[in-house]
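Student: Sequence and computational prediction follow.
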Amino acid sequence: MSNWLKSAIFYEIYPNSYMDANGDGYGDLKGITSKLDYIKELGADAIWLNPHYDSPFMDGGYDVRDYFKVSPRFGTEADFDEFISAAHARGIRVILDLVPGHTSEQNPDFLRSAENVRNEMYDRFIWTNHEWQFPEGFKAISGRHDRTGNYIVNYYSTQPSLNYGFNEITEPDWQMSYKSDAAKATREWLKSVIRFWLDRGADGFRVDMADSLVKNDGPQSEKPATSEVWRDIRKMLDNEYPDAVLVSEWSNPQAIRAGFHADFMLDHHGNPYNRLVRYEEAGEHSYFDIQGRGDAAEFAKRFSEWHDAVKDNGNIAIISCNHDTPRLAPHYTVDQLKAIYATLFTLPGVPFMYYGDEIGMKYQSDLPSVECGFARTGSRTPMQWNTTKNAGFSAAERTFLPTETDKAVNVEAQLKDKKSLLNFVKSLFEFRKANKELCSTDLEFVHAVGAEPLVYKRGGLTVVVNPLAVKQTVTVDIPVKATVVFSTGKEAKPNKNGTVAVPPVSVTVFK
């Protein structure tokens, strides 16, 4: 079993948007390779690369046409190998995006399945028996191919569902058991994809929609048949690639029970991440609401439940945001972002910093959808490197999404500013790596009441957080002579009477 994950710091890259080396307006692998020294200096030692596969890009690359080929948009096969080799030479591991639940409608296996004659791919996807059959609870696409029947899709009409079978069979004329030969053949095909890229040098996978494989498989918190499939795949990994990792897009502790090394705490309504920075409902707000309308107790309760459920067997993957999630800026100021990152990344879990979050890139809410990004499009704009043409991202006359030139929000300017968000993130990652407590599962919430300062212990470290724009005092037992080992904002100060004075919008770590 891999041990490197618990101390890793990840940097997520949406390849369309990071760096364009050939001037066509899209990011590419050579562009990413040219920025590996920047990523290393940031303090990240692992990359999560969003889909790099050959694709018609009807869903930003999550519609895979060929799982065994690099998209020409991003470069050649040699460019991919060079990227992996250059990353490894710098001590940076790379996990790829695995899309196991569906393909592109242009995938050759699907096109074979769509032929109106039984062949080796006939049961690789899920089809009903006739063109008027639209089963309740499923998205069925009709009239696109000559095969008699409709095909089931997971999400968009261009993404036919691969057949991993059904747990509960409600319509036996077209539904197959997840234990059927056809379902097992799909599972073996997925293993071949995994082996192919691990043999090419990848260090693991982030798994898209990991809980979506077996149909009629119960609620997200159970999924027994899907879990059985993943445990079988994990067994293969442990035997053949023991250093490789699987990180799931499941957002439920069941993912760890299903065999994943880590699971993303996504921005799902009411979960800990949401409660910390994005929650708004019926007068309730996130804990980091500047007006003090949040509730630390709700966050601590929910995080503790999640943490306790996974800590002995896996890890929480903690995001700044990601390619599917609106960026925190401009909703929060730079000082607030520093406090949020310091809180997120001193909690138990594996940090995942989304490209551009380290400089406070803003969510662009007014952009039209591109490649079915819809509301997500505004989080996928090109990286802002400097104030030259296209913010230093590309020499093209037109980039696939508009670039924003901002004198303050770019890498070049922030590297020169000791107080910048970028330099703060570098110091935060350095602090995390220097303190083993932060890579452990130790956690004790000492104080979590309403909008009052949040206080928690990580081994010999005590973290004190104040999200508000006003000074607060909290009653906790911290020695007057305790050493401050990290802070953002002004440092909190312990008093002799057993209280701590906590400055506005601050995080202080005592040892």
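Tutor: Cool, got the structure.
Student: Can you get me the start-to-end distance on stretch 409-419?
Tutor: Start-to-end span of stretch 409-419 (C-alpha to C-alpha, to the nearest Å) is 13 Å.
Student: chain center to that stretch, what's the gap?
Tutor: 25 Å (C-alpha atoms, centre = their mean, to the nearest Å).
Student: Quick check: buried residues in it?
Tutor: 409, 410, 411, 413, 414, 415 (16 or more other C-beta atoms under 10 Å). All C-beta spots, glycine's among them, are computed from the backbone N, C-alpha and C.
Student: which element is the last one on?
Tutor: Read it as residue 415. helix 411-416 (DSSP states H and E).
Student: looking at it, residue 452 is touching residue 472, isn't it?
Tutor: Yes: the pair residue 452 and residue 472 passes the contact test of C-beta atoms under 8 Å, sitting 6.3 Å apart.
Student: Confirm residue 37 sits in a helix?
Tutor: Yes: the assignment for residue 37 by DSSP: H, G, I helix; E, B strand; the rest coil puts it in a helix.
Student: Run a quick neighbour tally on it.
Tutor: Neighbours of residue 37 under the rule other C-beta atoms under 10 Å: 11.
Student: Can you classify residue 3 as helix, strand or coil?
Tutor: coil.
Student: Could you check how far it is from residue 346?
Tutor: 21 Å (C-beta to C-beta, to the nearest Å).
Student: Tell me which of these two has more neighbours.
Tutor: residue 346 (23 against 8).
Student: tell me the domain boundaries of the chain?
Tutor: The record's domain parsing of the chain by automatic domain parsing lists 5-101+182-437, 102-161, 443-510.
Student: Now do the longest one, average pLDDT.
Tutor: Meaning domain 5-101+182-437. Averaging pLDDT along domain 5-101+182-437 gives 97.
Student: Same check on stretch 166-174?
Tutor: Here the average pLDDT along stretch 166-174 is 97.
Student: I'd like the distance from that stretch to the chain centre, please.
Tutor: 33 Å.
Student: got the contact list for that stretch?
Tutor: Here stretch 166-174 makes contact (C-beta atoms under 8 Å, 6 or more residues apart in numbering) with 126-129, 133, 135, 149, 175-178, 214-218, 224-225.
Student: From these, list the buried ones, please.
Tutor: 126-128, 133, 135, 149, 175-178, 214-217, 225.
Student: Helices of this protein, residue ranges please.
Tutor: Using DSSP state H, the helices of the chain run over 29-34, 36-42, 77-89, 108-113, 181-199, 224-240, 254-257, 272-277, 296-310, 334-344, 411-416, 421-434.
Student: Check which helices and strands the fifth one is in contact with.
Tutor: To tie it back to what came earlier, the one meant is helix 181-199. Here helix 181-199 touches strand 66-70, strand 93-98, strand 204-207, helix 224-240, going by 3 or more C-beta pairs under 8 Å, 6 or more residues apart in numbering; DSSP states H and E.
Student: Contacts for the third one, please.
Tutor: Applying C-beta under 8 Å, 6+ apart, the contact partners of strand 204-207 are 2, 48, 93, 95-98, 100, 194, 197-198, 244-249, 260-261, 264.
Student: how distant is it from the center of its chain?
Tutor: On C-alpha atoms, centre = their mean, the centre of strand 204-207 falls 10 Å from the chain's centre.
Student: so how far is residue 372 from the most centrally placed residue in the chain?
Tutor: The centroid of the chain falls nearest to residue 322 when counting by C-alpha atoms, centre = their mean (5.4 Å). Distance, residue 322 to residue 372, by C-beta to C-beta: 16 Å.
Student: Ok, residue 465 next?
Tutor: Distance, residue 465 to residue 372, using C-beta to C-beta: 38 Å.
Student: more neighbours, the two?
Tutor: Each of residue 465 and residue 372 has its neighbours counted (other C-beta under 10 Å); residue 465 has more, 30 against 17.
Student: beta partners of that one?
Tutor: Per DSSP bridges, residues listed as beta-bridge partners of residue 465: residue 454, residue 507.
Student: Check whether it really touches residue 339, as I assumed.
Tutor: Yes: assessed by C-beta under 8 Å, residue 465 is found in contact with residue 339 at 6.7 Å.
Student: and for these two, which residues touch both?
Tutor: 506, 507.
Student: Give me the neighbour count for the closest residue to residue 204 other than its chain neighbours.
Tutor: Leaving aside its chain neighbours, residue 204 sits nearest to residue 245 (3.6 Å; criterion: C-beta to C-beta, 6 or more residues apart in numbering). Neighbour count of residue 245, defined by other C-beta under 10 Å: 23.
Student: Surely residue 245 and residue 262 touch.
Tutor: Yes: the pair residue 245 / residue 262 is scored as a contact, 7.1 Å apart, by C-beta under 8 Å.
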